[in-house]
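In: For reference, the sequence and a predicted model appear below.
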Amino acid sequence: MRGAAVSDLVTGDAVVLGLRPARLPSRALAILLDLAVYVTVYVLLTIGLTLATASLDPAAQAAIGVAGFLLLLVGIPIGVETLSHGRSLGKLACGLRVVRDDGGPIRFRHALVRGALGVVELLLTFGTVAAIASLVSARGRRLGDVFAGTLVVRERVPGARVMPVPPPPPWLAGRFTQLDLSAVPDGLWLAIRQYLTRMNQLDPQVGAAMAARLADDLVARTGAPPPAGVPAAAFLMAVVHERQSRDAARAFRAAAAASPVAPVPSVYVAPTAPTPVPPPYVAPVPVAPTAPAAPAEVPRAGGFAPPA
């Protein structure tokens, strides 16, 4: 079996299966909300800087103004998207989010490319270039998304719900407890989960081929030989549930370790009088009987002693 690259599958199919690209109206509304917030902050900061730098020469004031403009309209949006993983205030209000092509969270380099090209697309051309690019793109991406490898998706979809991964067959339970999953990337887990939650909606032949490609790549990442006689879809279900079981056990252990031990309440015991201890028992010493003493003789008158 030949392993398939994750990007070959995720980029072409995962967006169709799991991610819902945002269209121009919702993206334009999110951008307008962001610009309103940034412009308000920029105006307030400009007034403050003008009052604080009134004693400086005009050249220094102009330099500070340009630096403040770049910081607020370029630097802050990049920082907000990086720290919030693609959710600015406008996108949060509209239920949108910027993600990578494979569905993962964006990083600083993605936000930097989007922000740098956004100066040209959104600010210098008043959004004309971004609107044209979004209308031409099949997934509504502007130039910043194309060069950064990102996609703006809808997080809140009316009527949508999170679909659980179907359970594996009972005869596969506990079969992969010793499997090493540390080398499996997040993009592959995302692709497997998206396939398993929507495999019943696919054409049987397409779904079987996709399951085989995902199973090949999973076997290549784990380094374990493919199990004999196990279908690819069942193998994917069992491995995903094994990973979920490990994550749940790890989270439970962390929560148990972090929870403080409840103190044992102290019970007041009233002091009692000490119990008297009886003296030790001493056995009586037997005394041998003695003969009674003879009565003393009384001397008679005349001084004679009785005969012996």
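Out: Yep, it's here.

In: Next, V152: secondary structure please.
Out: strand (DSSP: H, G, I helix; E, B strand; the rest coil).

In: which residue packs closest to L56, ignoring adjacent ones?
Out: Of all residues not flanking L56 in the chain, I64 sits nearest, at 7.8 Å (CB to CB, 6 or more residues apart in numbering). In short, each C-beta sits where N, CA and C put it, glycine included.

In: swap that for G86, please
Out: Counting by CB to CB, 6+ apart, the residue nearest G86 is V98, at 3.3 Å.

In: I figured the one you found was touching I106, is that so?
Out: Yes - the pair V98 / I106 is scored as a contact, 5.4 Å apart, by CB atoms under 8 Å.

In: any common contacting residues for those two?
Out: Common neighbours of V98 and I106, using CB atoms under 8 Å, 6 or more residues apart in numbering, are E81, G86, T150.

In: Identify, from those, the entry nearest to L72.
Out: Top of the list for closeness to L72, among the shared contacts of V98 and I106 and by CB to CB, is E81 at 14.3 Å.

In: Output stretch 21-39 as CSV, restricted to C-alpha atoms.
Out: Provided in CSV are the C-alpha atoms of stretch 21-39 (Å, rounded to 0.1, in the frame of the first residue of the first chain):
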residue,chain,number,x,y,z
PRO,A,21,-15.9,28.8,3.7
ALA,A,22,-17.2,32.2,4.5
ARG,A,23,-18.6,34.3,1.6
LEU,A,24,-18.1,37.9,0.7
PRO,A,25,-21.0,39.5,2.6
SER,A,26,-20.1,38.1,6.0
ARG,A,27,-16.4,38.7,5.5
ALA,A,28,-17.1,42.3,4.5
LEU,A,29,-19.2,42.9,7.6
ALA,A,30,-16.5,41.4,9.8
ILE,A,31,-13.8,43.7,8.2
LEU,A,32,-16.0,46.8,8.6
LEU,A,33,-16.5,46.0,12.3
ASP,A,34,-12.8,45.5,12.8
LEU,A,35,-12.0,48.7,11.0
ALA,A,36,-14.5,50.6,13.1
VAL,A,37,-12.8,49.4,16.3
TYR,A,38,-9.3,50.1,15.0
VAL,A,39,-10.1,53.5,13.6
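
In: On the three-state scheme, the residue nearest to G86 is what?
Out: Following three-state DSSP, V98 is assigned to strand.

In: And for it, the neighbour number?
Out: A total of 24 residues lie near V98 under the criterion other CB atoms under 10 Å.

In: Can you tell me how far I31 is from A67?
Out: In this structure, I31 and A67 are 23 Å apart, going by CB to CB, to the nearest Å.

In: The two: which is more packed in?
Out: Neighbour comparison, I31 and A67: the larger count goes to I31, with 21 against 12 (by other CB under 10 Å).

In: Just list the residues touching the more buried one, thanks.
Out: G90, L122, G127, A130.

In: Rebuild the residues you listed as JSON lines, extending it with secondary structure.
Out: Below are these laid out as JSON lines (three-state DSSP):
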{"residue": "G90", "secondary structure": "helix"}
{"residue": "L122", "secondary structure": "helix"}
{"residue": "G127", "secondary structure": "coil"}
{"residue": "A130", "secondary structure": "helix"}
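
In: any idea which element F176 lies in?
Out: Using DSSP states H and E, no element contains F176; it sits outside every helix and strand.

In: and it, what are its phi and psi?
Out: phi -120, psi 30 (degrees, to the nearest 10).

In: Taking strand 96-100 as reference, get the angle to the top helix by length along the chain.
Out: If you go by DSSP state H, the chain has its longest helix at helix 24-52. Counting by axes from the mean of the first three to the mean of the last three CA atoms, to 10 degrees, helix 24-52 lies at 100 degrees to strand 96-100.

In: Which member of the contacts of I31 is positioned nearest P167?
Out: Of those, the one sitting nearest to P167 (CB to CB) turns out to be G90, at 39.8 Å.
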